[in-house]
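Colleague: please work out how this folds:
(2 chains)
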Amino acid sequence: MMDRTLFQLQQTFIGEETNHTFFYEVEIPAGCERLVIDFGYTPKRLEDKALAAEIIAAGVRKYMPAPYDQELVGYRLEEVPVVNLLTVSLDDPAGTYVGCAHRHAHTQHHEITAASASPGFSAVEIRPGCWRIGLQCHAVVTPSVQVNLCVKGVFPDEVDSN
Amino acid sequence: MKWIPTELHTHTLHSDGTFTVPELCACAKLHGYEMIALTDHNTLSGLEELSEKLARQTIPVIHGIEWTAYYGHMLVIDCQKYVDWREVSITDMDQKIRDVRENRGLVGIAHPYAIGSPLCTGCCWEYEVSAWDQVNYIEVWSGPFPAVHRGRNRRAEMMWQELLDRGYHIAATYGKDWHADVKEKEPWGCTFLAVHETAAADGVEALRRGRTMISMGPRPVAEIRLNGKDIYPGDTVPAGSVLKMTLGMDMNCRRGEWQQYDFRPQKVQILGRSEVVLAECVLCENAYTELTFTAPDSHFRIVYSGTVMGKECPIAFTSPYYAN
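Modeller: Numbering: from 1, shown residues only, chains lettered A, B, ... in the order given. Coordinates of the predicted model:
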């Protein structure tokens, strides 16, 4: 293997955990030059159409009550996807915010080095020490959602010269 | 001082937009904006792609971020230090707002009455705020055809008016919340900033001072003088001051962006507390109107109305002027 797994999370989240950030500490050894974060969750979409319709109707009642709901006339509300949204953020050992990948893809791959980083993250030196990953639960609309989060480190003597 | 068209709420691939940073800047220039703020969701990484060269080739960019938090989205502009929202609860946003202001940042409330979670996570502003004196601006209009799609925008107007009536000094902006360059079928909006130079620092200063106007089409014109001095939105004048106003709409500014929607300005009103009409006059398309107006003992703002695509509606408005 080119890299070493430094952190792995496989956990189920439920609706009550919506609107909370969960932090995880990741110990990065000296010599690490690249962090690789693979993040995914499933399912993405609430496929139960009846429940989705209920959630949409509740959202309209709460956020766009009559007479303001006139704005929604003509919109095909039943086609609005009701989805889970979880994102990851990262802080370095000094507590400096490295960034976040706030987007809807439910499978994400990020790499961070001193010279470059995946969109959403800053290129930073991979200092040894305790890094912190934030898992932002913006929405869990399905009965539960399975999260997989893996952090790998790539070390100089393991970098493939090819 | 000049008024420049801007968009202060934009996204790139660094969050969930479809633009690269250079593409966003180039596209903004193509659409007639002279400045934008880059406000990606929960990240500052896109700002690292900005350069003087890119600004020269396209337009200047104000540094920003959109806190895409759980109970509201907050635009943080030009903050000198990263302030973290991730552990803020629905009741303790005040301290975060103060933290931003203490680090010279500006605070703007984004689309406060958009549909919220889980359909659009955190999009409706639900944080309990008492530090409204620390809030610089509210996106009073957002989204397409804001004067006609009144669900979110009328409620934002009422929220803003209520805060002004309570004595807070809060500017208005428009937020396109620009994620992609899609073909539009309705007019969107634009925030005009009053600047000395077309430079990001001047844009930030305009926003800080509340020197903003919002329009769905033509640029609103409000040349106001008091004792030979120009008065801008955000300024404070003595109550009872006699103001000489030249009011109208510049039908040439960004014309290519809105002319297909048949804008016909018809009247201008000056609104005071509780949206009471303090003065009113007719607008002509090709001539400006002169008005003498006595400042009340509170705030006032100017609203330009007419028809757009055959619909009677407000077209544009200024941020408040204040009087005491």
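
Colleague: from now on I want contacts and neighbour counts done on CA atoms only, so please keep to that.
Modeller: Noted.

Colleague: who's in contact with the spatially most central residue of chain A?
Modeller: In chain A, the centroid-proximal residue (C-alpha atoms, centre = their mean) is A:Thr87; its distance is 2.1 Å. Shown in contact with A:Thr87 (C-alpha atoms under 8 Å, 6 or more residues apart in numbering or on different chains): A:100-103, A:135-138.

Colleague: tell me, which of those make contact with chain B?
Modeller: Applying C-alpha under 8 Å from any C-alpha of the partner chain, the subset of these adjacent to chain B comprises A:100-103, A:136, A:138.

Colleague: report the contact partners of the spatially closest residue to the residue nearest to the centre of chain A that is not a sequence neighbour.
Modeller: Nearest-residue entry for A:Thr87: A:Gln136, 5.1 Å, with adjacent residues in sequence omitted and distances by C-alpha to C-alpha, 6 or more residues apart in numbering or on different chains. Going by C-alpha under 8 Å, 6+ apart, A:Gln136 touches A:19-22, A:86-89, B:86.

Colleague: so chain A: which segments form each domain?
Modeller: A:3-45+A:83-157, A:46-82 (automatic domain parsing).

Colleague: can you list the residues of chain A near chain B?
Modeller: A:19-21, A:56, A:59-60, A:63-64, A:67-71, A:80-83, A:97, A:99-104, A:119-122, A:136, A:138-139, A:141.

Colleague: mind redoing it with 6 Å?
Modeller: For chain A, the contact set with chain B under C-alpha under 6 Å from any C-alpha of the partner chain comprises A:19, A:63, A:68, A:71, A:99-103, A:119-122, A:139.

Colleague: just those residues: which are in strands?
Modeller: Judged by DSSP state E, the residues of chain A next to chain B include A:99-100, A:139 as members of strands.

Colleague: look up the pLDDT of the closest residue to A:Ser116 other than its chain neighbours for me, please.
Modeller: Take A:Ser116 and drop its neighbours on the chain: the residue closest to it by C-alpha to C-alpha, 6+ apart is A:Ala123, 4.7 Å away. A:Ala123 is assigned a pLDDT of 98 by the prediction.

Colleague: which ones are touching A:Ala123?
Modeller: A:112-117 (C-alpha atoms under 6 Å, 6 or more residues apart in numbering or on different chains).

Colleague: what pairs with the residue nearest to A:Ile112 when sequence neighbours are not counted across the strands?
Modeller: Among residues not flanking A:Ile112 along the chain, A:Leu35 sits closest, at 5.1 Å (C-alpha to C-alpha, 6+ apart). Note on A:Leu35: beta-bridge partners by DSSP bridges are A:Ile112, A:Gly153.

Colleague: does A:Leu35 touch A:Ala115 like I think?
Modeller: No: look at A:Leu35 against A:Ala115 with C-alpha atoms under 6 Å: they stay out of range, at 11.9 Å.

Colleague: compare the two (neighbour count), which wins?
Modeller: The residue with more neighbours, out of A:Leu35 and A:Ala115, is A:Leu35; 23 against 11, by other C-alpha atoms under 10 Å in any protein chain shown.

Colleague: give me every residue that touches the more buried one.
Modeller: A:111-112, A:152-153.

Colleague: again, only using 8 Å
Modeller: A:Leu35 neighbours (C-alpha under 8 Å, 6+ apart): A:110-113, A:126, A:151-154.

Colleague: so what's residue 15 up against?
Modeller: Using chain A here. So A:Gly15 contacts A:139-144 (C-alpha under 8 Å, 6+ apart).

Colleague: the chain in question should be chain B.
Modeller: Here B:Ser15 is in contact with A:100-103, A:119-120, B:40-43 (criterion: C-alpha under 8 Å, 6+ apart).

Colleague: of those - the most surrounded one?
Modeller: B:Asp40 (31 neighbours).

Colleague: quick one: stretch B:28-42 to chain centroid distance?
Modeller: 13 Å (C-alpha atoms, centre = their mean, to the nearest Å).

Colleague: list the buried residues of it.
Modeller: Residues B:28-29, B:32-42 are the ones in stretch B:28-42 that count as buried (16 or more other C-alpha atoms under 10 Å in any protein chain shown).

Colleague: and if you look at stretch A:125-144?
Modeller: A:126-127, A:130-142, A:144.

Colleague: endpoint to endpoint, that stretch covers what distance?
Modeller: Using C-alpha to C-alpha, to the nearest Å, the span of stretch A:125-144 from its first residue to its last is 36 Å.

Colleague: that older thread, quick one: the contacts of A:Gln136 as TSV, columns for pLDDT and secondary structure too.
Modeller: Converted to TSV, the contacts of A:Gln136 look like this (pLDDT from 0 to 100; DSSP: H, G, I helix; E, B strand; the rest coil):
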residue	pLDDT	secondary structure
A:Asn19	97	coil
A:His20	97	strand
A:Thr21	98	strand
A:Phe22	98	strand
A:Leu86	98	strand
A:Thr87	98	strand
A:Val88	98	strand
A:Ser89	98	strand
B:Arg86	96	coil
